[in-house]
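Novice: Sequence and predicted structure are below.
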Amino acid sequence: MPGGSGIVEQVAKMATTDREQASKNRDGLEGKLEKFREILYSTELGTLPIDDVVCFYANNAYFGGGNHGVEAAAQD
């Protein structure tokens, strides 16, 4: 997902944003609250082993063709 500068930020965005809302630009208070939730989640993710963060990313990232996660992309 665009917008995060690293894998932790990407995972935070994936975990706090609905897939259909992820591509929409949020302005105003709603956008600020969403960004704040991402920051809080990123802080918590920073305490996890990086392997867990990468695993979550690999199983939830969009890989094109409507596929979310490595397994779905590999089967397509």
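Specialist: Okay, I see it.
Novice: Quick check: which helices or strands does the longest helix belonging to the chain pack against?
Specialist: Criterion DSSP state H: the longest helix present in the chain is helix 28-45. Here helix 28-45 touches helix 7-16, going by 3 or more C-beta pairs under 8 Å, 6 or more residues apart in numbering; DSSP states H and E. C-betas here are computed from N, CA, C, even on glycine.
Novice: average model confidence for the helix it packs on?
Specialist: Average pLDDT, helix 7-16: 87.
Novice: Quick check: the nearest residue to G46 once chain neighbours are set aside vs N67, distance?
Specialist: Closest residue to G46 apart from its sequence neighbours, by C-beta to C-beta, 6 or more residues apart in numbering: V8 at 6.2 Å. Note on V8: its distance to N67, by C-beta to C-beta, to the nearest Å, is 23 Å.
Novice: And L48, by the same measure?
Specialist: Taking C-beta to C-beta, one finds L48 at 25 Å from N67.
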